[in-house]
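Student: Just the structure for this:
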Amino acid sequence: QNSSEMPETITSRDAARFPIVASCTLLGLYLFFKIFSQEYINLLLSMYFFVLGILALSHTISPMMNRFFPANFPNKQYQLLFTQGSGESKEEIVNYEFDTKDLVCLALSSVVGVWYLLRKHWIANNLFGLAFSLNGVELLHLNNVSTGCILLGGLFIYDVFWVFGTNVMVTVAKSFEAPIKLVFPQDLLEKGLEADNFAMLGLGDIVIPG
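Tutor: Residues are numbered from 1 along each chain as shown. Have a look, this model is predicted:
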């Protein structure tokens with residue numbers, strides 16, 4: 001774990017800016033998919049979320065996996081340390097502490113990552129999506145109730161405009177091959193694990209209320 005990792009507190013100013021930043025990002029992605037080849041964009045995004053998803057899933061399953069390790073498991077401690085400069089001017093950039101159990105979780109998560117990268121299977125997508133959601137809920141906190149009201153009010157307007165007023169949100173969600181949404185197969189009983197007709201739930205609809 002990172003010894004310096006602390007929850008990120010969202011202020012009222014951050015909450016007011018969030019829908020604006022989200023709108024710019026969404027519109028930018030929409031234009032990217034309209035201008036550039038969808039295949040190459042999704043290839044780049046797949047590699048990015050492959051790495052990010054492995055790290056998020058490993059962090060999520062680590063507390064649960066600790067219960068399955070025997071008491072005599074040879075658990076060694078490691079530290080990944082990057083510094084800049086030397087002597088009194090040395091500045092710590094990365095200080096990440098982990099152990100053998102974390103490496104086992106990372107290996108298991110990598111299997112899911114390869115499965116997602118090669119097959120884009122909906123189960124692998126949902127595992128990554130849940131991991132992103134849980135990490136988001138864990139790391140983001142509001143400083144008071146009024147901040148939450150500002151955030152939810154802004155996102156209400158954001159959703160009404162981009163989802164019901166335009167086709168931008170739907171177009172990006174269907175074009176964006178990344179675990180940014182949970183998918184629920186509507187033809188599961190008919191096709192089993194090979195189902196391909198999905199209903200979608202964006203991760204923002206999980207993280208923000210959480």
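
Student: residues touching F176, list them.
Tutor: Applying CB atoms under 8 Å, 6 or more residues apart in numbering to F176 gives the contacts L29, F33, N42, L45. All C-beta atoms are positioned from the backbone trio N, CA, C, and that covers glycine.

Student: Could you point out which of those residues is nearest to F161?
Tutor: Top of the list for closeness to F161, among those and by CB to CB, is L29 at 15.7 Å.

Student: distance of the closest one from Y40?
Tutor: With distances defined as CB to CB, to the nearest Å, the gap from L29 to Y40 amounts to 14 Å.

Student: Check E91 too.
Tutor: To Y40, E91 is 37 Å away according to CB to CB.

Student: What is the burial count for G129?
Tutor: Number of residues near G129 (other CB atoms under 10 Å) recorded here: 24.

Student: for the helix or strand hosting it, packing partners?
Tutor: When elements are defined using DSSP states H and E, G129 is found to belong to helix 122-139. On a contact count with 3 or more CB pairs under 8 Å, 6 or more residues apart in numbering; DSSP states H and E, helix 122-139 meets helix 38-65, helix 100-119, strand 181-185, helix 204-207.

Student: buried stuff in the shortest one?
Tutor: Neighbour-count burial for helix 204-207, counted by 16 or more other CB atoms under 10 Å, picks out G204, I206, V207.

Student: before we move on, the earlier item: the more surrounded of L29 and Y40?
Tutor: Comparing L29 with Y40 by other CB under 10 Å, the one with more neighbours is L29, at 18 against 9.

Student: That one: what's it in contact with?
Tutor: Residues in contact with L29 (CB under 8 Å, 6+ apart) are V172, F176.

Student: and it, that one's in a strand?
Tutor: No: assessed by DSSP: H, G, I helix; E, B strand; the rest coil, L29 does not belong to a strand; its assignment is helix.

Student: Name the residue closest to the centre of the chain, please.
Tutor: The residue at the geometric middle of the chain, judged as the C-alpha nearest the mean C-alpha position with CA atoms, centre = their mean, is F132 (3.1 Å).

Student: show me the contacts for F50.
Tutor: Applying CB under 8 Å, 6+ apart, one finds that F50 lies in contact with G113, Y116, L117.

Student: Now do the first one against L80, distance only.
Tutor: Plainly put, G113 is 20 Å away from L80 if you go by CB to CB.

Student: again with the last one
Tutor: Distance check for L117 against L80: by CB to CB, it reads 24 Å.
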